[in-house]
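Engineer: 3D, please:
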Amino acid sequence: SNPQVGTVTISPSVGDLELVWNSDTTLSIIPDVLFEADTTYTVTVEGFTAEKKSAMDSFTWQFTTVSDQGDQLTVLTTSPADEQTNVPLGEQVVITFSDPVSNPADGTVTITPEVSGMTLTWPTANQLVITHGDFEPSMSYSVALSGFAATGKTPMAAHTLTFETTDGSGTFGPDTPYSTNPTLGRRVASGSITIDGHNGGEWTDDMLIAIDMANDDPRSLGDNWCMHETPFDYTHLWAAWDDDYLYLAWQFVDVTDILDPSNAGSSHGSYPAVMDLIQWIAIDVAPGEGSAYDMWGKNGGQPYWVGSDLPDYQIYIASNLWQGYISRAVDGTFAVDDGGVNYFSVDDAGIDVAVGTELASSTLWGVADADDRFDAASLIDFVSRGHDGSRDCFYEMRIPLSALGNPDLEGTGIGIMLGHGELSPVDTIPNDPATLDTPGTSSSNSPLEWDDTDSLSVDFARVGHF
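Structural biologist: Numbering: from 1, shown residues only. The predicted model follows:
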């Protein structure tokens with residue numbers, strides 16, 4: 001209410017600070033001099049007030065600047081890390097450079113031994129994501145980079161990253177994003193999960209099969225700032241089963257209340273649970289079979305799934321649940337309107353689904369800017385920042401195992417991926433980098449990512465068995 005009564009300090013000092021109010025609730029702090037390299041700074045904000053509220057408590061945070069990179073383009077970080085072991089077979093390789101790469105086509109990337117289907121995407125000018133067909137188990141790989149350059153800097157020296165893959169028996173992911181298979185889900189007692197759009201304690205961390213990043217949707221990709229728009233931002237995917245049913249639950253979140261409060265009303269004006277936007281569930285029950293193409297011809301009619309997992313069943317639902325269908329792939333093609341042979345409404349297939357407005361997890365890890373999604377130091381827990389979970393949408397689904405051909409969940413397992421969209425998704429769970437490879441906005445300030453086509457290559461999350 002009165003910006004002049006508050007104070008901002010940075011220690012060590014960076015000279016006079018210019019405070020710019022981008023909105024009533026968003027403050028930019030501009031130092032008088034550049035930060036020093038490899039230095040930890042402490043920022044303290046205090047004394048600011050709002051109408052009808054008491055003055056804020058003192059708020060402090062720290063950050064550390066990167067080391068001086070000199071006049072040459074360098075590699076800052078890699079994922080996997082150099083000499084890492086037990087790397088999952090479907091792991092994407094992420095390279096972060098010290099500066100924006102001026103002409104990516106000038107550089108070269110080789111993986112030894114050679115892998116199939118290598119694709120290079122640039123989510124931002126200083127970040128390269130390498131997707132590929134599966135690595136071989138228990139194999140040492142090297143990734144060699146050369147020839148990349150940045151404006152005003154000498155080209156990078158040749159850089160080599162080495163790592164060793166898992167033995168293929170399955171690797172459990174971490175408990176923070178990005179994570180595929182922190183668990184394999186678990187068997188539950190028959191009737192213990194109620195499909196009502198509410199987590200009454202049935203869904204627990206030992207059922208999580210994927211954890212995605214909050215705010216890794218394209219609203220803040222590159223120069224985008226589209227926080228007025230409703231996010232379709234996956235963060236959690238749970239799975240369970242009993243003798244008769246597969247149970248799935250998933251979470252959409254909207255953290256605009258923390259990131260851009262002035263747009264929080266707009267972004268929540270048409271949240272997923274009240275929208276018609278279609279969502280899909282891709283289910284792989286038979287390795288080596290299935291379809292690469294969406295059952296309703298989405299993704300511009302191009303192959304959706306280009307990795308090692310192909311869905312044998314695909315389910316579509318409207319986000320507001322007014323319709324839903326399931327199809328089985330036959331000879332690589334999903335059946336549609338075939339008179340009830342391989343294509344059914346969810347009601348006819350005995351599939352139950354419900355949605356509620358809540359955050360079903362006790363934590364919500366993510367980033368303030370989508371461009372920071374691979375930077376572990378940028379992770380924040382939006383719950384601890386005061387996020388209002390009533391803005392979020394929690395879905396539950398119960399699928400008869402007979403509708404999936406009665407797969408052997410505990411003996412061989414199945415794979416699951418979720419996505420959405422009339423053309424292509426802006427997020428999937430497990431997360432695929434193809435959903436954030438088209439920066440820019442339309443004339444109405446909507447992310448262009450909604451209108452591209454995506455080739456999804458990451459492994460599905462496994463249920464029951466790797």
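Engineer: quick one: low-confidence parts of this protein?
Structural biologist: Low-confidence segments of the chain (pLDDT under 70): 68-69, 168-170.
Engineer: could I get the full set of helices for it?
Structural biologist: Using DSSP state H, the helices assigned to the chain run over residues 256-259, 264-267.
Engineer: count the residues that sit near the closest residue in space to Gly415 that isn't next to it in sequence.
Structural biologist: Nearest non-adjacent residue to Gly415, counting by Cβ to Cβ, 6 or more residues apart in numbering: Phe460, 3.1 Å away. Every residue, glycine included, has its C-beta placed from N, CA and C. Phe460: 27 surrounding residues under other Cβ atoms under 10 Å.
Engineer: which ones are touching Phe460?
Structural biologist: If you count contacts by Cβ atoms under 8 Å, 6 or more residues apart in numbering, Phe460 has them with 282, 284, 309, 415-417, 430.
Engineer: now do Val33
Structural biologist: By Cβ under 8 Å, 6+ apart, the contact list for Val33 reads 14-15.
Engineer: what of the one 10 residues further on?
Structural biologist: By Cβ under 8 Å, 6+ apart, the residues touching Val43 are 8-10, 29, 60-63.
Engineer: any idea which of those residues is closest to Gly386?
Structural biologist: Lowest distance from Gly386 to the contacts of Val43 (Cβ to Cβ) belongs to Trp61, with 14.7 Å.
Engineer: give me the neighbour count for Ile283.
Structural biologist: By other Cβ under 10 Å, the residues close to Ile283 number 26.
Engineer: from Ile414, how far out is it?
Structural biologist: 6 Å (Cβ to Cβ, to the nearest Å).
Engineer: what do those two both touch?
Structural biologist: Leu404.
Engineer: tell me the contacts of Ala354?
Structural biologist: When contacts are counted by Cβ under 8 Å, 6+ apart, Ala354 touches 195-197, 321, 395-396.
Engineer: oops, could you answer that again for Ile258 instead?
Structural biologist: With Cβ under 8 Å, 6+ apart, Ile258 has these contacts: 382, 385-387.
Engineer: and what of Ser291?
Structural biologist: Contacts were defined as Cβ under 8 Å, 6+ apart; by that measure Ser291 touches 305, 310-312, 314, 329, 332-334.
Engineer: please name the nearest non-neighbouring residue to it.
Structural biologist: Counting by Cβ to Cβ, 6+ apart, the residue nearest Ser291 is Ala329, at 4.0 Å.
Engineer: do the same with Gly419
Structural biologist: Closest residue to Gly419 apart from its sequence neighbours, by Cβ to Cβ, 6+ apart: Pro425 at 3.9 Å.
Engineer: equivalent analysis for Thr85, please.
Structural biologist: In space, Thr85 is closest to Glu164, 4.7 Å off (Cβ to Cβ, 6+ apart).
Engineer: distance of that neighbour relative to Ser308?
Structural biologist: Glu164 sits 19 Å away from Ser308, going by Cβ to Cβ.
Engineer: can you count the residues close to the residue nearest to Thr85?
Structural biologist: Per other Cβ under 10 Å, the neighbour tally for Glu164 reads 17.
Engineer: that one: what's it in contact with?
Structural biologist: Glu164 touches 84-87, 138-141, counting by Cβ under 8 Å, 6+ apart.
Engineer: how near is it to Glu114?
Structural biologist: According to Cβ to Cβ, Glu164 stands 17 Å off from Glu114.
Engineer: which residues does Leu208 form a beta bridge with?
Structural biologist: Counting by DSSP bridges, Leu208 is bridged to Trp238.
Engineer: and it, how many neighbours?
Structural biologist: Neighbour count for Leu208, taken as other Cβ under 10 Å: 23.
Engineer: contacts only, for it.
Structural biologist: Shown in contact with Leu208 (Cβ under 8 Å, 6+ apart): 179, 182-183, 185, 236-238.
Engineer: separate out the buried members of those residues.
Structural biologist: Buried residues within the contacts of Leu208, counting neighbours by 16 or more other Cβ atoms under 10 Å: 179, 182-183, 185, 236-238.
Engineer: what's around Gly366, how many residues?
Structural biologist: Quick note: Gly366 (other Cβ under 10 Å) scores 27 neighbours.
Engineer: that one contacts Asp216, doesn't it?
Structural biologist: Yes: using Cβ atoms under 8 Å, Gly366 is in contact with Asp216, at 6.8 Å.
Engineer: still on that earlier bit, and the residue nearest to Gly419, how close does it get to Ser140?
Structural biologist: Going from Pro425 to Ser140 by Cβ to Cβ gives 34 Å.
Engineer: gap between the residue nearest to Gly415 and Gly173?
Structural biologist: With Cβ to Cβ as the criterion, Phe460 and Gly173 are 13 Å apart.
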